[in-house]
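Q: give me coordinates for this.
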Amino acid sequence: MENGIGAQVSSSASGELRRVGLVYDERMCKHSTPTGEPHPENPDRIRAIWNKLMSAKIPQRCVVFDAKEVEDKYIAAVHTSNHINLIKTISSKKLASQRDRIAAKLNSIYFNEGSSESAYLAAGSVLDVAAKVAKGELNSAFAIVRPPGHHAEENEPMGFCLFNNIAIATSFLLNQKELGINKILIVDWDVHHGNGTQKTFYKDSQVLFFSVHRDEYGTFYPCGDDGSYAMKGEGKGEGYNINVPWENGKCGDADYIAAWNHILIPVAREFKPDIILVSAGFDAAIGDPLGGCRITPHGFAILLKKLMEFSNGKIVMALEGGYNLNSIANSVLSCVQVLLEDKQIVEPDEIYPFESTWRVIKEVREELSAYWPILAEKLPEKLTSRVTPLVKIYSSESEDENDDDEVSEDVTIPLSKLKVSDDDAHDKVEDWRSKLSKVDVWYASFGSNMSESRFRCYIQGGQVEGMRRACKGAADKSQPKEVLWKTVPHRLFFGRESTVTWGPGGVAFLNPQTNNHDKTFMCLYRITLEQFNDVLLQENVSSDTTSPFFDLNALNSIENENNISLKALKDGWYHNVVYLGKEKGVPILTMTCRVDQVEGFKSGKIPLRPPAKEYADTLIRGLVIGKQLSEDEAIAYINEASTKPL
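A: Numbers count the residues shown, from 1 in each chain. This is a model prediction of the structure:
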């Protein structure tokens, strides 16, 4: 229902009348931390945006709507009944005493007595204006909503997100056949990967999902392989999932414009969407405390302007992240001015992205060229040679902002560690690294790391033949002090559907329990405990290095406990550290899954699967070069481990 503020249209530069919808509602400010402690995702985010728009007299030129609660039947197209019931009841008095405990079990989530209403209003608002744009009642709209939504998965709120607002609206539009919406482009420019949205439409050819995000080889929140360019969709949706994963922070206007020009826009022209939904996170904006990137308000305007050429400008924007109040307010203002078509947007004649940006763009184009032939064309060297050096300090000054915030080095804070200050975190990291660098362990490998050149990628960084992505390497790049081989009475097997590093096929696991009938070859590398922690980080694609995953206390206790499951890495595949005895008085450690996960492999809950050829070849090469087996014997060894029932 229109609330009476500015229920009018705006005349665009072309003379046509534009009806641009805005949603803002103070009721969404009721969602806040339980005891009022500071948090990046707080009510001031949407208040700052609204105040900025009011001061620029924008609402008077738009059609302003109060928020509207979503109906459960529309949420059910995206979330499970358990998820819906949790969010619906979490603010009730009945669950007041359990709220904090429930939130603590989730990934970067808080709840209070206003959370339920805010979540229902946020999802309902995006759905409501999306329907109005689809019907032609509005040309476009911006939903200034919170909590955000793109991290929320089918059965799990996470990353500040309770309901997946964009996904719910998208499902609604597709299911209401009378609207005539058959193809939807979702553009997610939030600095974090939209994992929840991706999973919702991963097998759907009606939705082209495009996410550009800071990834850093899967170590940036939400961490893992989901944000890789190798995640292309499945079944009918294969080729309709496009990820542009930045290798580093500090990406700005030039980097994003290059991704638009050479990936998104060519594909969008072929896809021909009926409507575009934008997961409009502004944490890639200059000065953001979580993003560490540097898009200016003018940069966001350019990106949005490029999308206006499609679907007759039918665009629905929904606020996601963004935690610098000045940046998000100025950026939203700039975007709404684009929707009103009353501001001339001038794109720079020449852009100079980072070298890593061109590398990522080329990799994405190559990966998706089979589905979008326009991407098969090779980018001219004259274009990709235009690069800017990756320097360490940027000022947040721009023509649109006058604040003096400065982003130096990397201001990213893992979402799960929001209360750790930059200085404290740095000191803490330096302290544990210094201590653990003085302690040696044997890291025992049974998988691809049996090939010494492959293992050195975890120390030096880089990649070897067959790997689809590079490793970041360890902080200490010193080579192993010794390498030797050993066999252990544990079962080797292969499982999981695929990995970003090796593609489709299983990867190696070791049953943590011993069995004298089993024999597994292990290549042992004598490295420091600091380096072992860096290998753990890369094997489990984690981003938090403010404290060690496996410290001296764990090392002292593992001899009695035999294996220790690391809670900080619980979402990784290799978070269970297993003790295999000593060699020359030095502890031998390996990493694998837990015993209960082995039961999951046995039951079929987690798939057993033979390894990809490239992966198997690396294992075989390690065994042969290590002089443990002949090539034929190594092939037979891997085949037996792949086919013998657990």
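Q: going by C-alpha atoms from here, please, whenever you check contacts or count neighbours.
A: Noted.
Q: count the residues that sit near Lys105.
A: When neighbours are counted by other C-alpha atoms under 10 Å, Lys105 registers 9.
Q: for the one 10 residues further on, same thing?
A: A count of nearby residues for Ser115, using other C-alpha under 10 Å, gives 27.
Q: helices or strands next to the helix or strand hosting Asp100 in the packing?
A: Under the criterion of DSSP states H and E, Asp100 resides in helix 99-104. Judged by 3 or more C-alpha pairs under 8 Å, 6 or more residues apart in numbering; DSSP states H and E, helix 99-104 has no packing partners among the helices and strands.
Q: okay, buried residues for it please.
A: Residues 99-100, 103 are the ones in helix 99-104 that count as buried (16 or more other C-alpha atoms under 10 Å).
Q: can you check stretch 519-527 too?
A: For stretch 519-527, by 16+ other C-alpha under 10 Å, it's 520-527.
Q: and the buried residues of helix 99-104 as JSON lines, adding pLDDT and distance to Ala230?
A: Converted to JSON lines, the buried residues of helix 99-104 look like this (pLDDT from 0 to 100; distance: C-alpha to C-alpha, whole Å):
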{"residue": "Arg99", "pLDDT": "95", "distance to Ala230": "38"}
{"residue": "Asp100", "pLDDT": "93", "distance to Ala230": "37"}
{"residue": "Ala103", "pLDDT": "94", "distance to Ala230": "32"}
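Q: on the three-state scheme, Lys68 is what?
A: Secondary structure assignment for Lys68 (DSSP: H, G, I helix; E, B strand; the rest coil): coil.
Q: what do you get for Val364?
A: helix.
Q: residues near the closest residue to it other than its chain neighbours, how many?
A: Leaving out its chain neighbours, the residue that sits closest to Val364 by C-alpha to C-alpha, 6 or more residues apart in numbering is Tyr229, at 5.8 Å. By other C-alpha under 10 Å, 24 other residues sit near Tyr229.
Q: CA atoms only: put stretch 143-157 into CSV for me.
A: The C-alpha trace of stretch 143-157 is given here as CSV (Å, rounded to 0.1, in the frame of the first residue of the first chain):
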residue,chain,number,x,y,z
ALA,A,143,13.8,-2.2,-1.6
ILE,A,144,15.7,-0.8,1.3
VAL,A,145,15.4,-3.8,3.5
ARG,A,146,17.1,-5.7,6.3
PRO,A,147,18.1,-8.2,7.4
PRO,A,148,19.8,-9.1,4.1
GLY,A,149,19.2,-12.5,2.4
HIS,A,150,21.6,-13.9,-0.2
HIS,A,151,23.5,-16.1,2.2
ALA,A,152,20.4,-17.8,3.7
GLU,A,153,20.2,-21.4,2.4
GLU,A,154,17.3,-23.8,2.2
ASN,A,155,17.5,-24.9,5.8
GLU,A,156,20.0,-22.5,7.4
PRO,A,157,20.1,-18.8,8.1
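Q: state the pLDDT value of the closest residue in space to Asn155 that isn't next to it in sequence.
A: Leaving out its chain neighbours, the residue that sits closest to Asn155 by C-alpha to C-alpha, 6+ apart is His83, at 5.1 Å. We have a pLDDT of 98 for His83.
Q: check Cys223 too.
A: Predicted confidence (pLDDT) at Cys223: the value is 87.
Q: list the buried ones in the longest helix along the chain?
A: When the chain is parsed with DSSP state H, its longest helix is helix 115-135. Across helix 115-135, burial judged by 16+ other C-alpha under 10 Å covers 115-134.
Q: stretch 29-38 too?
A: 29-33.
Q: between these, which sits nearest Tyr637?
A: Ranked by distance to Tyr637 (C-alpha to C-alpha), the buried residues of stretch 29-38 are led by Thr33 at 54.8 Å.
Q: hmm, that closest one is touching Asn112, no?
A: Yes - contact criterion C-alpha atoms under 8 Å: Thr33 and Asn112 qualify, at 6.4 Å.
Q: number of nearby residues for Lys570?
A: For Lys570, using other C-alpha under 10 Å, the count is 15.
Q: what's the distance between it and Ala104?
A: 14 Å (C-alpha to C-alpha, to the nearest Å).
Q: ok, now Ser140?
A: Ser140 is 38 Å from Ala104, by C-alpha to C-alpha.
Q: model confidence for the spatially most central residue of the chain, exactly?
A: Central residue of the chain (C-alpha atoms, centre = their mean): His193, 3.1 Å from the mean position. Model confidence at His193, given as pLDDT, is 97.
Q: wasn't it part of a strand?
A: No - counting by three-state DSSP, His193 is not part of a strand but coil.
Q: that one against Phe209, yeah?
A: No - look at His193 against Phe209 with C-alpha under 8 Å: they stay out of range, at 11.2 Å.
Q: secondary structure class for Arg621?
A: Arg621 - assigned by three-state DSSP - is helix.
Q: just Gly291 next, same as before
A: coil.
Q: was I right to think it contacts Gly281?
A: No - using C-alpha under 8 Å, Gly291 makes no contact with Gly281, being 10.3 Å away.
Q: higher neighbour count, these two?
A: Gly291 (31 against 24).
Q: how about the strands in the stretch 351-500 of the chain?
A: Taking DSSP state E, counting those that start in this stretch as the criterion, the stretch 351-500 of the chain carries its strands at 393-395, 406-408, 440-445, 482-488, 490-495, 498-499.
Q: ok, and what's touching stretch 498-510?
A: Contact with stretch 498-510 is made by 225, 228, 230-231, 446-448, 466-470, 490-497, 592-593, 608-612, 614-615, as judged by C-alpha atoms under 8 Å, 6 or more residues apart in numbering.
Q: show me which of those are buried.
A: Buried members of the contacts of stretch 498-510, scored by 16+ other C-alpha under 10 Å, are 225, 228, 230-231, 446-448, 466-467, 469, 490-497, 592-593, 608-612, 614-615.
Q: out of these, which sit inside helices?
A: Residues of those located in helices (DSSP H): 614-615.
Q: any idea how far Asn51 lies from Lys93?
A: Asn51 is 33 Å from Lys93, by C-alpha to C-alpha.
Q: same check on Lys314?
A: 42 Å.
Q: pick out whichever of those two has more residues nearby.
A: A count of neighbours by other C-alpha under 10 Å puts Lys314 above the other of Lys314 and Lys93, at 24 against 11.
Q: quick check: that one touching Asn139?
A: Yes - under the criterion of C-alpha under 8 Å, Lys314 makes contact with Asn139 at 5.5 Å.
Q: what do the two both touch?
A: Val133.
Q: pLDDT below threshold where in the stretch 251-400 of the chain?
A: 391-400 (pLDDT under 70).
Q: could I get the full set of helices for it?
A: 253-259, 265-271, 297-307, 325-340, 355-368, 381-384 (DSSP state H, counting those that start in this stretch).
Q: what's the longest one in contact with?
A: Residues external to helix 325-340 that are found in contact with it (C-alpha under 8 Å, 6+ apart): 10-12, 18-20, 44-45, 48-50, 52-53, 140-142, 282-283, 285-288, 296-298, 300-301, 304-305, 322, 343, 400-401, 403.
Q: let's test this: name the helix or strand in the chain with the lowest mean pLDDT.
A: Sorting the helices and strands of the chain by mean pLDDT, DSSP states H and E puts strand 393-395 at the bottom, at a mean of 30.
Q: now do the same contact list for Glu71.
A: So Glu71 contacts Gly124 (C-alpha under 8 Å, 6+ apart).
Q: I'd like to know how far it sits from Asp128.
A: 11 Å.
Q: ok, Gly466 next?
A: 48 Å.
Q: thinking again about what came up before, quick one: the residue nearest to the centre of the chain and Asp571, what's the gap?
A: Taking C-alpha to C-alpha, one finds His193 at 17 Å from Asp571.
Q: what does Glu270 give?
A: Distance from Glu270 to Asp571, by C-alpha to C-alpha: 37 Å.
Q: these two: who's more crowded?
A: More crowded of Glu270 and Asp571, by other C-alpha under 10 Å: Asp571, with 14 against 11.
Q: doesn't Phe521 belong to a helix?
A: No - applying three-state DSSP, one finds Phe521 to be strand, outside a helix.
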